[in-house]
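Engineer: Give me a model of this one.
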Amino acid sequence: MTERDALVIKGLRVAVEGKEILRGVDLVVRKGEIHALMGPNGSGKSTLAYTLMGHPAYQVLGGEVWYKGQNILGLKPDERAKLGLFLAFQYPTPIPGVSVANFLRTALNALRRNGEEQQKSLPVSEFRKKLNERMALLKVEKEFASRYLNDGFSGGEKKKSEILQMALLEPEMVIMDETDSGLDIDALKTVSEAVNRLAGPNMGVLVITHYQRLLNHITPHFVHILINGKVMLSGGPELAHELEAKGYAEFEKRVAQEVSA
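Structural biologist: All right, here's what the predicted structure looks like:
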């Protein structure tokens, strides 16, 4: 495994509407690893997710983000996606009039038309076969593909739509921004089981979450705690359990003591 296979974040500083939110984030996520990023509200978790995918509202003040041998901060969102990055949104946007199947076929063909690896659009028959295989793998009902994307979807259905995109587009580095937000217990289990089926040696995963409950179903290799815009603590899965037992206030106190020491 080389650094080219990793998402390497170095000293990333980001502002939103003139206010600095990320104050020097350092993090490395390699293919085949599942990382969980946790932190209190306002710590910068979603800011990091959207910055990594190139959202224009987030101003990069400093630092670098390396992936596949290049600093991606100068790339457009679609260029980052073509490199293999994928963001599962916390609140997916409804698109009335566009079916799930048509959206996925358009997205898949856009990824296939990628520089030296440019390929012809996938024939409809081959696309349908691939889509049906992925839907069967994730236990998604066939009628789902004909519905308008996220239009009238429940919270669980919206997240299921995001996971189906992951399965079809086969990204190499996935960022999941609070995927457990708004899910009941059954929906959480369904989405988690789907992620576990897709995760493997060819995919790196950064799970951004506020609560430990998601990690009861998706076991991370590493857990990081983001406080005041910086990754202040890192460890194994046990760190999430400690956080659940003691709360963020205890960790913020510990960090303050270490900084002042």
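Engineer: What ranges does the stretch 51-200 of the chain have for its strands?
Structural biologist: Along the stretch 51-200 of the chain, counting by DSSP state E, counting those that start in this stretch, strands occupy 58-67, 70-71, 85-88, 95-99, 148-149, 173-177.
Engineer: So what are the sheet partners of the second one and their directions?
Structural biologist: According to DSSP bridges, the neighbouring strands of strand 70-71, each with its direction, are strand 58-67 (antiparallel).
Engineer: chain center to the strand it pairs with, what's the gap?
Structural biologist: Chain-centre distance of strand 58-67: 17 Å, with Cα atoms, centre = their mean, to the nearest Å.
Engineer: do stretch 18-30 as well
Structural biologist: Between the centre of stretch 18-30 and the centre of its chain there are 15 Å (Cα atoms, centre = their mean).
Engineer: likewise stretch 143-159?
Structural biologist: Worked out by Cα atoms, centre = their mean, stretch 143-159 lies 19 Å from the chain centre.
Engineer: what do you get for stretch 91-109?
Structural biologist: 18 Å.
Engineer: just stretch 219-232 next, same as before
Structural biologist: Between the centre of stretch 219-232 and the centre of its host chain there is 14 Å, according to Cα atoms, centre = their mean.
Engineer: Just to check, Asn202 is in contact with Glu33?
Structural biologist: No: counting by Cβ atoms under 8 Å, Asn202 sits too far from Glu33 to count as a contact (11.5 Å). All C-beta spots, glycine's among them, are computed from the backbone N, C-alpha and C.
Engineer: of those two, who's got more company?
Structural biologist: Each of Asn202 and Glu33 has its neighbours counted (other Cβ atoms under 10 Å); Glu33 has more, 19 against 13.
Engineer: For Tyr67, list the residues it contacts.
Structural biologist: Counting by Cβ atoms under 8 Å, 6 or more residues apart in numbering, Tyr67 makes contact with 6-8, 80, 83-85, 173.
Engineer: Most neighbours among these, which one?
Structural biologist: Neighbour max across these (other Cβ under 10 Å) = Leu7, 26 neighbours.
Engineer: Am I right that that residue is in contact with Leu206?
Structural biologist: Yes: under the criterion of Cβ under 8 Å, Leu7 makes contact with Leu206 at 7.4 Å.
Engineer: just the helices in this structure please.
Structural biologist: Listed in chain order, the helices of the chain (DSSP state H) span 45-52, 77-83, 100-112, 124-137, 155-169, 185-198, 238-246, 248-260.
Engineer: The fourth one vs helix 100-112, what angle?
Structural biologist: Think helix 124-137. With axes from the mean of the first three to the mean of the last three Cα atoms, to 10 degrees as the basis, helix 124-137 and helix 100-112 are set at 110 degrees to each other.
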